[in-house]
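J.: compute the structure for the input listed below.
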Amino acid sequence: WISLSSLLVSLLTFWNPHPTAQLTIEPVPFDAAEGTDILLLVHNASQNTIGYYWFKGNTTEDSHEIISYSILTQNINTGPAFSGRETLYTNGSLLFTNVTKEDTGFYTLRILNNDLRPVLATGEFRVHEPVTPPHLTASNTTVAEGESVELTCVPNDTEISIQWLFNNKTLPLTDRMQLSLNNSILTINSVKKTDEGEYNCEVSNQIFSQKSNPIMLTVIAGPGGDDIPGGPSPGGLSPGAIAGIVIGVLAGVGLIAGLGYFLFFRKTGGASDQHDLTEHIPSASNHSPGPSDHSPDKGDDVAYSSLNFNIQELTQPSSPTSPSPTATETVYSELKKK
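T.: Prediction:
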C-alpha cells in the first residue's frame with residue numbers, strides 16, 4: 001500500500017501546471033473515514049502566483065481564513081479557522097490530518113498573482129463516521145402462501161443508504177415487492193415458497209457498512225396446501241378426516257368383537273343349559289328295564305335319538321286341603337338301546 005504522504009510527494013514532484021488551464025482543487029480522497037488524512041490538491045496554479053490563502057466554506061471572509069503562504073516572504077500565517085491539523089505546501093495544496101466529521105464541507109482557495117489579480121477555486125470532501133448495525137423486524141416470520149409480510153429496517157445512523165439481502169446476497173426485487181421511500185420498509189405481497197429464506201438489511205455510507213440481525217422467513221402452503229397446521233395432509237386428507245376414519249375403523253372392530261362375543265356366549269350358554277337338563281332327567285316312573293344282555297354294565301353305549309319334554313302347569317287347587325298335584329309332568333321318550 002502507498003501511504004498518503006508518499007502519494008503527496010509524488011503528486012507534488014511530477015505536477016506540472018499548464019499556464020492556460022483553469023485552477024481546480026481535487027480532494028484525495030473525496031470520502032474519508034474519521035481519523036484519516038485528506039489532501040486538497042491544487043491543479044493549474046499560475047507560475048506568477050505570489051501567495052495562497054485558504055478559507056473554510058464557500059467564502060473568502062477573513063473570519064473563515066485557515067492558513068496562508070507568501071511565496072515572496074516564504075511566511076506561513078494561520079487564521080481564525082485554523083485547527084492545528086492543517087499543513088500548507090509550497091504549491092498551494094492543503095493537507096488535513098486526523099479528520100473529523102466537522103471537517104466535512106467546502107474549502108476555498110484564493111491565489112494572488114503578481115498582477116495582484118486574485119483567482120478563486122473551491123474544493124469539497126466528506127468525512128464519515130463508522131455506522132452501527134441496524135435492527136430488523138418482521139410483521140410475521142411464518143407466512144402462508146398468498147399472504148403479505150412487512151420487514152422493517154431500523155438504522156441508528158443518518159446519511160446512510162439501505163440495501164436488502166436475501167440469503168446473504170443482494171435481494172432481487174420482483175413486482176410483488178415494494179420499498180418505502182428511504183428503503184427502510186420492504187413489503188412482500190402474495191408470498192411464494194421461493195420467498196422463504198434469511199433476510200438482512202445493510203446500512204452503509206461511502207466508507208462503512210453494517211448488516212442487521214437476520215430474520216428467517218418461513219413460508220407455509222396456503223388454503224388447500226399440505227403445510228398449514230390443521231390443513232390437508234400430503235395424501236389429500238385432513239387430520240380431521242383421518243381421525244374420523246380411525247374412529248370408524250375402531251368402532252367397527254369393536255362392534256364385530258362385541259357381536260362375536262355375544263354369539264360365542266350364546267352358543268356356549270345354550271349348550272350348557274341343555275347339558276344341565278340332560279344330567280337332571282329322572283328315570284321314567286313307568287319305565288323299569290329288566291336284566292338284559294345289553295345293560296350298561298357290559299360297556300354298551302346308550303343312544304338316544306331324541307329327547308322331548310313338555311312342561312305343563314297345573315291349575316291351582318280349588319281347596320287348600322286338596323293334595324298338591326305334581327308341579328310338572330315330564331314326558332320322556334326313549335327310542336332304543338344299542
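J.: use CA for all of it now, contacts and neighbours both
T.: OK.
J.: got the domain ranges for the chain?
T.: With automatic domain parsing as the criterion, the domains of the chain are listed as 4-128, 135-220.
J.: and the last one, what's its mean pLDDT?
T.: Which is domain 135-220. Here domain 135-220 scores 97 as its mean pLDDT.
J.: the residue nearest to T36 when sequence neighbours are not counted: neighbouring residues, count only.
T.: In space, and not counting its chain neighbours, T36 is closest to N98: 4.9 Å by C-alpha to C-alpha, 6 or more residues apart in numbering. If you count neighbours by other C-alpha atoms under 10 Å, N98 ends up with 13.
J.: return the per-residue confidence for N98.
T.: With respect to pLDDT, N98 scores 98.
J.: so it, which of the three states?
T.: Secondary structure, DSSP: H, G, I helix; E, B strand; the rest coil: N98 is coil.
J.: show the contacting residues for it.
T.: Neighbouring residues of N98 by C-alpha atoms under 8 Å, 6 or more residues apart in numbering: 34-37, 85.
J.: now, among the residues you listed, which is nearest to I256?
T.: Here the nearest of those to I256, counting by C-alpha to C-alpha, is E34; it sits at 86.5 Å.
J.: now the helix or strand encompassing V246: mean pLDDT?
T.: V246 is part of helix 239-279, with elements assigned from DSSP states H and E. The pLDDT scores in helix 239-279 average 65.
J.: and the helices in this structure?
T.: 4-14, 239-279 (DSSP state H).
J.: report the contact partners of S68.
T.: S68 touches 51-54, 76-79, 88, counting by C-alpha under 8 Å, 6+ apart.
J.: ok, back up a step: in TSV: the domains of the chain, plus distance to G248.
T.: Below are the domains of the chain laid out as TSV (distance: least, C-alpha to C-alpha, whole Å):
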stretch	distance to G248
domain 4-128	73
domain 135-220	31
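J.: can you say which of those domains is nearest to L263?
T.: Nearest to L263, of these and by C-alpha to C-alpha, is domain 135-220 at 52.6 Å.
J.: start and end of that closest one, how far apart?
T.: End-to-end distance of domain 135-220 (C-alpha to C-alpha, to the nearest Å): 25 Å.
J.: how many other residues sit next to I162?
T.: By other C-alpha under 10 Å, the residues close to I162 number 21.
J.: out of everything not next to it in sequence, what's closest to it?
T.: Closest residue to I162 apart from its sequence neighbours, by C-alpha to C-alpha, 6+ apart: V203 at 4.6 Å.
J.: just E102 next, same as before
T.: Nearest to E102 is V127, by C-alpha to C-alpha, 6+ apart, at 7.8 Å.
J.: can you pull the pLDDT of that neighbour?
T.: Here the pLDDT value assigned to V127 is 96.
J.: burial measure for it, as a count.
T.: 23.
J.: now V28
T.: Residues near V28, counting by other C-alpha under 10 Å, number 18.
J.: cool, and V253?
T.: 12.
J.: again with the one 4 residues further on
T.: A total of 12 residues lie near A257 under the criterion other C-alpha under 10 Å.
J.: spit out the contact partners of it.
T.: By C-alpha under 8 Å, 6+ apart, A257 lies in contact with nothing.
J.: and it, how far from A251?
T.: Distance from A257 to A251, by C-alpha to C-alpha: 10 Å.
J.: swap in S184?
T.: On the measure of C-alpha to C-alpha, S184 and A251 end up 59 Å apart.
J.: before we move on, what about Q178?
T.: In this view, Q178 and A251 are 55 Å apart by C-alpha to C-alpha.
J.: what of E61?
T.: Using C-alpha to C-alpha, E61 is found at 100 Å from A251.
J.: and what of D157?
T.: Per C-alpha to C-alpha, D157 is found 67 Å from A251.
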